[in-house]
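A.B. asks: Need a 3D model of the following:
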Amino acid sequence: GAHISEEPPKPIAIGIKPKIVVTEVRITGRSRKVEMVKDVYRILVLHFDIPPKKFVWRFENKDKKIVEKEYTPQSFFKEAVDVDLNDYVALVDYPNHKYNEKYQIDLCRNMPEAEDMTFINLDIEKLKAYALKSLQEGEPVWFAADAGWQMERKLGIMADGIYDYKALFNLKGGMSKADMINYRVSIANHAMVFVGADVKDNKVIKWKVENSWGTEHGNKGYWSMYDNWFNKYVYVAIINKKYVSKKDLNILKQKAKKIPAWDPLRTFF
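C.D. replies: Predicted coordinates for the structure are as follows:
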């Protein structure tokens with residue numbers, strides 16, 4: 001990312017002097033955090049302006065006519081997106097923990113009013129089955145993967161073994177997905193979208209992926225992911241609940257098992 005100055009602002013924690021009494025630490029830390037958040041908000045406003053209560057959106061419709069309409073953020077979401085996010089569930093392949101369980105990551109949330117992130121831990125074959133079912137019903141699938149391994153960017157190919165490091169360096173053996181997570185070798189760090197699948201004899205050979213790295217990569221921005229890459233480097237898929245079996249959805253009724261904030265998976269969420 002870009003730096004806005006040669007001397008970055010002092011982190012929040014530096015300005016907080018520890019206290020012996022726990023309640024005093026909490027009060028001091030909270031008040032200092034509010035001050036720092038005000039500074040962050042001011043910087044964002046200088047770059048992006050004050051968040052609008054209303055705005056005008058100008059677009060070309062399917063009849064090639066230019067349309068100009070006024071929206072509020074909520075009305076725009078309703079017309080352009082109109083998705084109830086509660087209809088979706090996060091499915092994760094996390095082999096370091098027991099499958100078919102509900103987990104919640106401590107101190108991990110995107111909004112202050114929301115609960116900590118929760119997910120159902122399922123083996124990779126179920127993630128693939130639900131992703132394929134969604135595509136067959138005409139619904140793209142958001143997913144997260146480790147975009148740092150076995151990818152040919154110019155051609156837009158993701159295939160485990162496309163670079164044969166073992167042969168080049170005479171390496172023996174390898175690491176399991178669980179070990180790669182434990183040793184911080186691999187974790188989800190990039191989000192993409194499945195938009196299609198190449199199926200032969202009821203088995204997916206390749207997945208069609210829409211990426212966000214520009215049209216100069218792959219086939220005008222679309223990539224081909226081989227199924228063996230999915231096995232090793234895909235971690236999360238967001239699936240509409242209507243495509244998930246009742247048995248797996250019932251896992252959501254369980255009391256979530258807590259995952260500590262320092263767990264490797266926390267890096268992604």
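A.B. asks: where does this structure have low pLDDT?
C.D. replies: Applying pLDDT under 70 to the chain flags residues 1-28, 268-269.
A.B. asks: What ranges does it have for its strands?
C.D. replies: Secondary structure of the chain (DSSP state E): strands at 55-60, 66-71, 88-92, 101-105, 118-121, 141-145, 151-152, 157-158, 190-200, 203-210, 222-226, 234-240, 257-259.
A.B. asks: show me the contacts for the spatially closest residue to Phe143 that is not a sequence neighbour.
C.D. replies: Nearest non-adjacent residue to Phe143, counting by Cβ to Cβ, 6 or more residues apart in numbering: Ala237, 4.6 Å away. Where C-beta positions appear, they are placed from N, C-alpha and C, glycine not excepted. Each residue near Ala237 by Cβ atoms under 8 Å, 6 or more residues apart in numbering is listed here: Ala90, Leu91, Leu127, Tyr130, Ala131, Val141, Trp142, Phe143, Ala144.
A.B. asks: List just the nearest of these to Phe76.
C.D. replies: The closest of the contacts of Ala237 to Phe76 turns out to be Trp142 (Cβ to Cβ; 20.0 Å).
A.B. asks: so how many other residues sit close to the closest one?
C.D. replies: By other Cβ atoms under 10 Å, 16 other residues sit near Trp142.
A.B. asks: swap in the one 5 residues further on?
C.D. replies: Residue crowding around Ala147 was assessed by other Cβ under 10 Å; the count is 16.
A.B. asks: Next: Asn96.
C.D. replies: Around Asn96 there are 16 residues (other Cβ under 10 Å).
A.B. asks: Check the gap between the nearest residue in space to it that is not next to it in sequence and Ser186 for me.
C.D. replies: Leaving aside its chain neighbours, Asn96 sits nearest to Ala178 (4.9 Å; criterion: Cβ to Cβ, 6+ apart). Distance of Ala178 to Ser186, computed by Cβ to Cβ, to the nearest Å: 10 Å.
A.B. asks: For those two, work out which one has more neighbours and name it.
C.D. replies: Legend: neighbour count by other Cβ under 10 Å for Ala178 and Ser186, higher for Ser186 (20 against 12).
A.B. asks: Touching, that one and Ala147? I think so.
C.D. replies: No - Ser186 is not in contact with Ala147 according to Cβ atoms under 8 Å; the separation is 10.4 Å.
A.B. asks: ok, which stretches of this structure are helices?
C.D. replies: With DSSP state H, the ranges of helices along the chain come out as 22-48, 73-80, 124-136, 165-169, 177-182, 227-233, 246-249.
A.B. asks: Name the surrounding residues that touch the fifth one.
C.D. replies: What it means is helix 177-182. By Cβ under 8 Å, 6+ apart, the list of residues contacting helix 177-182 reads Asp93, Tyr94, Pro95, Asn96, Val185, Ser186, Ile187, Asn231, Lys232, Pro264, Leu265.
A.B. asks: Are any of the residues you listed buried, and if so which?
C.D. replies: Burial by neighbour count, 16 or more other Cβ atoms under 10 Å: within the contacts of helix 177-182 this picks out Asp93, Tyr94, Pro95, Asn96, Ser186, Ile187, Lys232, Pro264, Leu265.
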